[in-house]
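*Asks:* My questions are about this predicted structure, shown below with the sequence.
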Amino acid sequence: MEKDFRQLPGVDKVLYHERITRLAGRYPHDLLVSVIRQQLESERLSVAAGKPCASLDDIVASVLNELEALGRPTLMRVVNASGVILHTNLGRAPLSQEALATMKAVSEGYSNLEFKLESGVRGSRHVHVEGLLCRLTGAEAALVVNNNAAAVLLGLTALARRKEVIVSRGQAVEIGGGFRIPDVMRQSGAKLVEVGTTNCTYARDFEEAITGRTVALMRVHSSNFQLVGFTSEVTLEELIEIGKKNNILVLDDLGSGCFLDTTVYGLAPEPMVQQSVRAGAALTFFSGDKLVGGPQAGIIVGAKEYVDKLRRHPLARAVRIDKTRLAGLAVTLLHYLKEEAATKIPVWRMIAAPIKDIERRAALWEKALGGMAKVVPGETMVGGGSLPGGSLPTSLVAISGSGKNSAQAIGRKLRLGDVPVIGRIDKDVLLLDPRTVLPEEDEIVINSLRETIR
Ligand SMILES: *Cc1c(COP(=O)(O)O)cnc(C)c1O
C-alpha cells in the first residue's frame with residue numbers, strides 16, 4: 001500500500017488551527033509546539049506502518065487531549081473495592097485522619113524535624129518515633145528508614161558484610177516486585193548460606209553450617225506463600241537458642257510486622273513484633289505500610305548496640321525517611337499506644353468491620369445499580385505480603401453484565417470515572433467488596449455506580 005506522508009500536516013497548520021489558537025494564552029508556546037511535534041511524530045510512525053493518515057481535526061483533537069492530560073497529575077486517589085486490603089499496586093495502607101492532619105501540618109510549614117525546641121539546638125529526626133516504637137515493642141532501640149527492603153539491606157550491610165548469614169532454604173524467597181532475599185544479601189556484601197531443603201529445615205542444619213565467619217542467623221517470614229504438607233521450619237526461639245550458644249546474632253525479617261493479635265479478628269496468626277523482641281532477636285525488620293497501617297517506612301527495632309551501628313552507617317543517610325512520613329508514622333504508632341488502632345487506623349477498621357455492616361453497605365451499593373447486580377457472600381484478602389491464605393468473610397456486589405455492558409466494560413467505566421473505583425473480575429463477573437472501602441467513601445462509590453449505568 002502506498003504510504004502517503006504528504007497528507008501529514010505541518011506544525012504550523014496544527015498550531016494555527018482555530019481550536020488551538022483559542023487556547024494560545026492557556027499554554028506556553030513551547031509546550032504547545034512540543035506536544036504538536038510529538039503527536040505528528042506518532043502519526044508519521046503510524047503512516048509508516050501502513051495506516052491511513054488521520055484527519056487534521058483528529059490530530060488537533062489528540063493534541064487537545066494530550067494538553068488536557070498534561071495539566072492533571074497522573075497519580076490520584078482511587079477507591080479500592082478490589083477486596084484486597086493491603087494492595088501494593090493501589091498504594092497499600094490508607095492513613096488515619098489524624099496522621100494525615102499531622103503530615104499536612106509539618107509539610108505546609110517548617111517543622112522541628114531535627115531541632116530541639118527546649119534548647120534551640122540541632123536534634124535527631126529519629127526521636128519522633130524511637131520512643132514510641134520502644135514502648136510498643138519492648139525493644140531497647142529503634143530506627144526508621146525508607147522502606148523494609150532498605151531496612152534489611154542496611155542491616156545486612158552494616159552487620160554482615162564479608163561475613164556469612166545462614167538462612168533456611170525455604171525462606172530464601174522472593175517477596176514480590178523483584179525483592180529476593182538472595183539478591184539483597186549479595187547487594188549487602190554478605191554471603192548467604194542456605195541450609196535445609198525447600199520444605200524441611202531443622203535446628204541441626206543451622207548448627208552444622210556455623211563457621212568462624214558466621215555472623216548471623218536470619219529468619220524471613222514467608223509472607224506471601226504457604227508451604228503445606230510435610231514441612232518443618234526452625235522457630236525463632238530455637239534460632240535464638242542456637243545463636244546464644246554460638247555467640248551469633250539472630251535477625252528477623254517479619255515483612256508485614258504486626259502489633260495486634262490477628263486471631264482476635266478471625267484471621268490466621270501473623271507473627272507480632274513484640275514476640276520477636278521478647279524472644280531476643282538482635283534486630284527485627286518490618287514495613288510501616290503493611291499491617292502497621294501507616295505510611296511507607298522500614299522499621300528496625302532491637303538491641304541498642306546494633307541499632308546504633310546501623311544508624312551510623314553511611315547507607316542510613318541514603319535510605320533515610322522524610323519528615324512527612326515520619327510525622328504520619330508517629331501518629332499511627334500513637335493510635336496503638338492509646339489502644340484506638342481498631343477504630344482509627346483504616347486497615348484495622350476494615351479488618352474489624354462487622355459482617356452485618358458490610359452486608360448493609362453491599363445492599364446500598366446494589367440498589368444504586370438498579371437491578372443489575374446481586375449481593376453474594378465472599379472473602380476479603382488481607383494481602384500485601386501478610387497472612388497468605390488468610391481471609392475475612394465479606395459481602396460482594398456481583399455484576400454479571402451483558403452485551404455492550406459486559407462486566408469488563410462496566411469495570412473499565414468505573415476505573416475511568418472522576419474518582420476511579422477499582423473492582424475485580426472473577427469468571428466474567430465484576431465483584432465489588434465494601435470491606436476494603438471506608439464507609440466515608442460509600443457516597444463516591446454509589447455516585448459512580450449510578451453514573452456508570454446511566
Ligand atoms: C514486604 C516485605 C519486604 C519488603 O518491604 P517493603 O516495605 O515493601 O520494602 C521484605 N521482607 C518481607 C518478608 C516482606 O514481606
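*Replies:* The structure has been received and is ready for your questions.

*Asks:* Next up, the contacts around residue 267.
*Replies:* Going by CB atoms under 8 Å, 6 or more residues apart in numbering, residue 267 touches 351, 382, 387, 390-392. Where C-beta positions appear, they are placed from N, C-alpha and C, glycine not excepted.

*Asks:* Which one of the residues you listed is nearest to residue 180?
*Replies:* Using CB to CB, residue 387 is the member of those that lies nearest residue 180, at 21.0 Å.

*Asks:* pLDDT at the closest one, what is it?
*Replies:* With respect to pLDDT, residue 387 has a value of 63.

*Asks:* Okay, now the unreliable bits of the stretch 251-400 of the chain?
*Replies:* For the stretch 251-400 of the chain, residues meeting the criterion pLDDT under 70 lie at 384-389.

*Asks:* Could you pull out the buried residues of the host helix or strand of residue 397?
*Replies:* Secondary structure from DSSP states H and E places residue 397 in strand 391-399. By neighbour count on 16 or more other CB atoms under 10 Å, the buried set for strand 391-399 is 391-392, 394-399.

*Asks:* Then stretch 233-253?
*Replies:* Quick answer for stretch 233-253 (16+ other CB under 10 Å): 233-234, 236, 238-243, 248-253.

*Asks:* what residues does it touch?
*Replies:* Counting by CB under 8 Å, 6+ apart, 148, 152, 155-156, 159, 165, 168, 170-171, 181, 200-203, 205-207, 210, 214-221, 271, 275-276, 279-286, 306 sit against stretch 233-253.

*Asks:* Count the neighbours of residue 55 for me.
*Replies:* Residue 55: 11 surrounding residues under other CB atoms under 10 Å.

*Asks:* For the ligand, state which of the buried residues of strand 391-399 is nearest.
*Replies:* For the buried residues of strand 391-399, the residue nearest the ligand by CB to the nearest ligand atom is residue 391; the value is 17.6 Å.

*Asks:* could you list every residue that touches the residue nearest to that closest one when sequence neighbours are not counted?
*Replies:* Leaving aside its sequence neighbours, residue 391 sits nearest to residue 379 (CB to CB, 6 or more residues apart in numbering; 4.0 Å). Residues in contact with residue 379 (CB under 8 Å, 6+ apart) are 83, 391-394.

*Asks:* about what we covered before: helices or strands up against the strand holding residue 397?
*Replies:* Using 3 or more CB pairs under 8 Å, 6 or more residues apart in numbering; DSSP states H and E, the elements in contact with strand 391-399 are helix 355-368, strand 373-381, strand 429-432.

*Asks:* Which positions in the stretch 201-350 of the chain make contact with the ligand?
*Replies:* Contact residues (CB under 6 Å from any ligand atom) of the stretch 201-350 of the chain with the ligand: 220-221, 223, 253, 255-256, 287, 298.

*Asks:* thinking again about what came up before, could the contacts of residue 379 be laid out in TSV, adding distance to residue 360?
*Replies:* Converted to TSV, the contacts of residue 379 look like this (distance: CB to CB, whole Å):
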residue	distance to residue 360
83	17
391	20
392	16
393	14
394	12
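
*Asks:* Can you name the two of the residues you listed that sit furthest apart?
*Replies:* Based on CB to CB, the longest span within those runs between 83 and 393 and measures 11.5 Å.

*Asks:* any common contacting residues for the two?
*Replies:* Here residue 83 and residue 393 have 378-380 as joint contacts, going by CB under 8 Å, 6+ apart.

*Asks:* could I get those residues as TSV with distance to residue 196?
*Replies:* Formatted as TSV, those follow (distance: CB to CB, whole Å):
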residue	distance to residue 196
378	37
379	33
380	34
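
*Asks:* With that, I have no additional questions.
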